[in-house]
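Asks: could you work out the structure for the sequence below:
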Amino acid sequence: MGLFGRKKAQKTSQTQAPKTHRLLRLAKMPAAIYAVGDIHGCADLYDALENKIVADGEQFEGTKLIVSLGDVVDRGGASAAVIDRLMSHAPKGFKRLVLRGNHEDMMIKFMSDPDANRKWLDFGGTETLASYGLSPDPEVRFDLPASRLRHMMDAAIPESHRKFLKELPLALSVGPYRFAHASYDRDTPLEDQQPETLMWGAPQNADVGSADHVFVHGHVVVDKPFVSKKRINVDTGAYSSGVLSAVRLTAEKEDKQLLTVTLAN
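Replies: You can find the predicted model right below:
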């Protein structure tokens, strides 16, 4: 059985996440987990950070896991290239896992129903479409009929990318850590977590509750990674700051090593 041998948390009530929303659980910690903040289409920064992660991981025996915490698309100019990289073979000794953030959620909904989800274009969607070679009309930009937009996207966005986005899990539970893009209901079991909370919630809400796990997330930009007893935020605003960050976690509870790259590197 592989690293993700247990792929779905068991569902026990009708109020839980639908089956299309995967909630992952690992039975034990990998040799190390590297949780990466919001990439937002910054392919060069991700390449540099992954290289740094691979070099750091040489000290650990066994499989290491790179978890991208969602919002890998939008705002930056190379979302298509980021998805290509994340879909490619992971470096030797590593596996990759990408969680769905609110920007992936908006993109998926726009591809399905452009008319009802045009707000995505104002939150980085225009840059993402441009990364697939789609140029806005000089006069109306992407204010086009939904049928025309669907035809353009069908021609430009590979089916493999669509499948990748639609199949992204929403959360990961392993050892003393819980991973999701935005927030987490601390005293609710993994199988009862709600997609809206995981992708769109306020991170500070995950500070409330008695459960003693550490929640690792992105979603809200901080000047430098935030680390407390209950929560770690590694979203350092890569698309605007030029800084992409990650945190290394191991079975040693005190091991919370921060890794950061900048455009200058």
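Asks: only C-alpha atoms for contact and neighbour calcs from this point on.
Replies: Noted.
Asks: any idea which residue sits dead centre in this structure?
Replies: With distances taken as Cα atoms, centre = their mean, residue 70 lies nearest the centre of the chain, 1.5 Å away.
Asks: my read: that residue touches residue 100, true?
Replies: Yes. Residue 70 is in contact with residue 100 according to Cα atoms under 8 Å; the separation is 4.8 Å.
Asks: please enumerate the shared neighbours of those two.
Replies: Counting by Cα atoms under 8 Å, 6 or more residues apart in numbering, the contacts common to residue 70 and residue 100 are 180-181.
Asks: and the residue nearest to the centre of the chain, which of the three is it?
Replies: Secondary structure assignment for residue 70 (DSSP: H, G, I helix; E, B strand; the rest coil): coil.
Asks: how much space between it and residue 155?
Replies: Note on residue 70: its distance to residue 155, by Cα to Cα, to the nearest Å, is 25 Å.
Asks: which ones are touching residue 49?
Replies: 244-245, 259-261.
Asks: in the stretch 151-265 of the chain, which spans are helices?
Replies: 159-166, 195-200, 238-241 (DSSP state H, counting those that start in this stretch).
Asks: how about the residue nearest to the centre of the chain: what's its closest non-neighbour residue?
Replies: Spatial nearest neighbour of residue 70, chain neighbours left out: residue 101 (4.1 Å); criterion: Cα to Cα, 6 or more residues apart in numbering.
Asks: I figured that neighbour hits residue 68, correct?
Replies: No. Residue 101 is beyond contact range of residue 68, at 9.7 Å (criterion: Cα under 8 Å).
Asks: ok, which stretches of the protein are strands?
Replies: 23-26, 32-36, 64-68, 94-98, 171-174, 177-180, 214-217, 226-227, 231-233, 243-249, 256-262 (DSSP state E).
Asks: give me the neighbour count for the closest residue in space to residue 82 that isn't next to it in sequence.
Replies: Nearest-residue entry for residue 82: residue 43, 5.1 Å, with adjacent residues in sequence omitted and distances by Cα to Cα, 6+ apart. Number of residues near residue 43 (other Cα atoms under 10 Å) recorded here: 23.
Asks: returning to that earlier point: out of the strands of the chain, which is closest to residue 165?
Replies: Minimum separation from residue 165 across those (Cα to Cα) falls at strand 94-98, 9.3 Å.
Asks: what lies in contact with that closest one?
Replies: So strand 94-98 is contacted by 63-70, 86, 90, 168-169 (Cα under 8 Å, 6+ apart).
Asks: distance check, the residue nearest to residue 70 against residue 202.
Replies: Taking Cα to Cα, one finds residue 101 at 13 Å from residue 202.
Asks: who's more crowded, these two?
Replies: Using other Cα under 10 Å as the criterion, residue 101 and residue 202 rank with residue 101 on top: 29 against 14.
Asks: that one and residue 247, how far apart?
Replies: Separation of residue 101 from residue 247 (Cα to Cα): 18 Å.
Asks: and for residue 257?
Replies: For residue 257, the distance to residue 247 equals 6 Å [Cα to Cα].
Asks: between the two, who's got more neighbours?
Replies: Set residue 257 next to residue 247 and count neighbours by other Cα under 10 Å: residue 247 wins out with 24 against 11.
Asks: so that one touches residue 261, yeah?
Replies: No. Residue 247 lies out of contact with residue 261 (Cα under 8 Å); the separation is 12.0 Å.
Asks: pLDDT wise, what is the residue nearest to residue 185 when sequence neighbours are not counted at?
Replies: For residue 185, ignoring the flanking residues on the chain, the nearest one in space by Cα to Cα, 6+ apart is residue 206 at 5.8 Å. At residue 206, the predicted lDDT confidence score is 98.
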